[in-house]
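In: the following block contains a protein sequence and its predicted model.
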Amino acid sequence: MDKIKTLRERKKKIRESAGPDRMKKVFHDKGMLTPRERIERLLDPGSFFELDILATHHYREFGMDKKDIPADGVITGFGEINGRKVCVYVQDFTALGGTYGEMHGKKICALMDTAAEAGVPVIGICHSGGLRLHETLGPMEMFGQLFRRNTLYSGVVPQISIILGVVAGGQAYSPGLTDFILMTRSSAIYIAGPAFVKAQTGRDISDDELGGAVMHSRVSGLVDILRDTEEEILDAARQLVDYLPLNCHEKPPAFPNDDDPMRKIPELDNVVPPESPKPYDMHRILEPIFDGQEFFETKPDFAKNMITGYGRLDGRVVGVVANQPNHLGGVIDIKAAEKAARFIRFCDAFNIPFIMFQDSPAYLIGKEMEEGGMIYRGAKLLHAFSEATVPKITIIIRKAYAGAYIAMGSQYLGADFVFAWPGAEISSVDAKTAASIIFRKEIAGGMEKEKIEALYKDYYDNYVDAYRAASLRHINDIIEPNETRVALIKSFSLIKEKRAVRPEKKHGNIPL
């Protein structure tokens, strides 16, 4: 019994080492949860099982012999989210700033190995000052080991990073290698903090300006999900996991629901304005289609002209990629192409079928786009869609022009089905542009305005209207908007077990 008592006391000391006063000062006074409270909020009650609690550093130099770092600054273990297993690590900022030491890294890497072998997601709650300088090269090696595992297990099990507080230095690269990054608005992540920037450049800059969550959600695109509080972000993480398979060998989870799969949606018949250039909010189309009218959006503040996220149809998870006519007319720029491509690649890696909702006039053209690398960066969307072997269906809502028509899920790139709504415009360019070029000599010669308008109408009726595309089998059908949910559910039920054959190779090379 004495040995059991000793064990209990040692573990209790580790769990409570910081003490209530320090926990209050570091976390509660700043509106944050403690590391163990974060675990409790993320996981099902009572499901967490801790690993390696007794592991700690063995360094003597630079005063380390006098430093007690409970659990070496990171809590690792496994638990459940809605009854499904996940592996979790949580960095403890009260333990030497949550710095990444050699044993700290070994604990995380061992957990990732376990997750990959068990076939369950890895969730990291990151709050760290970065490399533990006292340990010199030990942490450097473990950074490399961590990055290697992030890469090797990419596409094997979902990897999710939750940034709470500040994450700095080399520690920031690991979230960049994971599938999803979730942040609270008050959090920040950067390679070098304000002090380093000041020392190297002489420039004063704040955490928020340099690597704040709001900046990353809007400008860099790093953040997939942004929430105000830690409670909200941890709840969002639970929601996200519900849409994902545990590993690449499973299909996404299916949930029973009472939403009629044959439900028609009359309001969709009147969403799209009759005037072709007039914008509307694509969310008005997406949300009513899915079970319970629930759509879980990712990166909503980045590249707003492209929407990505998840929904369910008859209980089964589907990914969604959609143009947003309410922002830049739904045109595809570099950021939108890369956002969609990365999302598609994740869906394909984890057997998640997806839908493309198309309403785009074109890829964005101009000097800025060309200098930014539109040719290869815009091609990422073409590559991702062509490479994907999961079931994929396209709905052409309105505009389907030029390269955007091809990239947003055409049959030419391998869509299983392409359906269009009445009034869809499918062509290499819009009618006015085409007619102005084809008949430029006649127009330049002083043709009457009425005849010019007649040329435009004639071109539209014969070469842009969706019925021509249907007659040539470029699309599979023109459907009533109110029947979109029904058409999707019926179509996916046919192709859910599809087997795509690809040329044998090691792997392709995604455009830069």
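Out: Received it, and whenever you're ready, just let me know what you need.
In: quick one, phi psi at I162?
Out: Backbone torsions for I162, taken as degrees, to the nearest 10, come to phi -120, psi 120.
In: surely A424 and I478 touch.
Out: Yes. Between A424 and I478 there is a contact under CB atoms under 8 Å: 7.3 Å. Just so you know, the C-beta spots here come from the backbone N, C-alpha and C atoms, and that holds for glycine as well.
In: more neighbours, those two?
Out: Between A424 and I478, counting by other CB atoms under 10 Å, A424 is the more crowded of the two (24 against 17).
In: which residue is the nearest non-sequential neighbour of the more buried one?
Out: Counting by CB to CB, 6 or more residues apart in numbering, A424 lies nearest to A466, which is 4.0 Å off, once chain neighbours are set aside.
In: for burial, what's the neighbour tally of that neighbour?
Out: Neighbour count for A466, taken as other CB under 10 Å: 23.
In: average pLDDT for stretch 292-312?
Out: Mean per-residue pLDDT for stretch 292-312: 98.
In: residue ranges with poor pLDDT in the chain?
Out: Under the criterion pLDDT under 70, the flagged ranges of the chain are 59-60, 62-66, 133, 135.
In: can I see the domain layout of this protein?
Out: 2-242, 266-423+465-495, 429-464 (automatic domain parsing).
In: before we move on, back to that, shared neighbours, A424 and I478?
Out: Residues touching both A424 and I478 by CB atoms under 8 Å, 6 or more residues apart in numbering: A466.
In: mind listing what's buried in the helix or strand harbouring A195?
Out: Using DSSP states H and E, A195 sits within helix 194-201. By neighbour count on 16 or more other CB atoms under 10 Å, the buried set for helix 194-201 is P194, V197.
In: how far does that helix sit from the chain's center?
Out: Distance, stretch centre to chain centre, for helix 194-201: 31 Å (CA atoms, centre = their mean, to the nearest Å).
In: packing partners for that helix?
Out: helix 207-211 (3 or more CB pairs under 8 Å, 6 or more residues apart in numbering; DSSP states H and E).
In: rerun at 6 Å
Out: Where contact means 3 or more CB pairs under 6 Å, 6 or more residues apart in numbering; DSSP states H and E, helix 194-201 is not packed against any helix or strand.
In: now what about it, what contacts it?
Out: Helix 194-201 is contacted by residues R203, I205, L210 when judged by CB atoms under 6 Å, 6 or more residues apart in numbering.
In: ok, stretch 178-189 next?
Out: Residues from elsewhere that reach stretch 178-189, judged by CB under 6 Å, 6+ apart: 158-167, 172, 175, 207, 211-213, 222-226, 228, 230, 233, 237, 346.
In: tell me the span between the first and last residue of that stretch.
Out: Terminal residues of stretch 178-189 lie 14 Å apart, using CA to CA, to the nearest Å.
In: start at 43 instead
Out: Will do, 43 is the new start, and the previous item becomes stretch 220-231.
In: residues of the host helix or strand of E412 that come out buried?
Out: E412 belongs to helix 409-413 when elements are defined using DSSP H and E. Neighbour-count burial for helix 409-413, counted by 16+ other CB under 10 Å, picks out M411.
In: which residues sit in contact with G166?
Out: Per CB under 6 Å, 6+ apart, neighbours of G166: Y131, S203.
In: what about it, which SS state?
Out: Following DSSP: H, G, I helix; E, B strand; the rest coil, the label given to G166 is strand.
In: same question for the one 10 residues further on.
Out: Using three-state DSSP, the structure places H176 in helix.
In: same for the helix holding E412, what does it pack against?
Out: Right, helix 409-413 is packed against no helix or strand by 3+ CB pairs under 6 Å, 6+ apart.
In: toward the C-terminus, what is the element adjacent to that helix?
Out: helix 416-429.
In: buried residues, that following helix. List them.
Out: M416, R419, G420, A421, K422, L423, L424, H425, A426, F427, E429.
In: circling back: put the buried members of the contacts of helix 236-243 into a PyMOL selection.
Out: Typed into PyMOL, the line below selects the buried ones among the contacts of helix 236-243, using 16+ other CB under 10 Å:
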select buried, resi 252
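In: quick revisit: would you reformat the domains of the chain as TSV and include distance to H549?
Out: Shown next, in TSV, are these (distance: least, CB to CB, whole Å):
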stretch	distance to H549
domain 44-284	11
domain 308-465+507-537	10
domain 471-506	35
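In: tell me which of the ones you listed lies nearest to P294.
Out: domain 308-465+507-537 (3.6 Å; CB to CB).
In: give me the distance from the closest one to the chain's centre.
Out: On CA atoms, centre = their mean, the centre of domain 308-465+507-537 falls 16 Å from that of its chain.
In: same thing with stretch 240-247?
Out: Using CA atoms, centre = their mean, the offset of stretch 240-247 from its chain centre is 32 Å.
In: span of it from start to end?
Out: For stretch 240-247, the first-to-last residue distance is 8 Å (CA to CA).
In: ok, which stretches of the stretch 143-292 of the chain are helices?
Out: For the stretch 143-292 of the chain, the helices defined by DSSP state H, counting those that start in this stretch occupy 144-160, 179-194, 215-219, 236-243, 249-253, 255-257, 272-284.
In: give me the buried positions along the fifth one.
Out: Read that as helix 249-253. By neighbour count with 16+ other CB under 10 Å, helix 249-253 contains the buried residues D249, L252, G253.
In: could I get that helix in CSV with only the CA atoms?
Out: Presented in CSV, the C-alpha positions along helix 249-253 are these (Å, rounded to 0.1, in the frame of the first residue of the first chain):
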residue,chain,number,x,y,z
ASP,A,249,1.4,39.8,-31.6
ASP,A,250,-1.9,40.4,-33.5
GLU,A,251,-0.2,42.2,-36.4
LEU,A,252,2.5,39.6,-36.7
GLY,A,253,0.7,36.4,-36.2
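In: helices and strands around it, which ones?
Out: Using 3+ CB pairs under 6 Å, 6+ apart: helix 249-253 touches strand 230-232.
In: would you mark the buried spots in the strand it packs on?
Out: Result for strand 230-232 [16+ other CB under 10 Å]: buried residues A230, I231, Y232.
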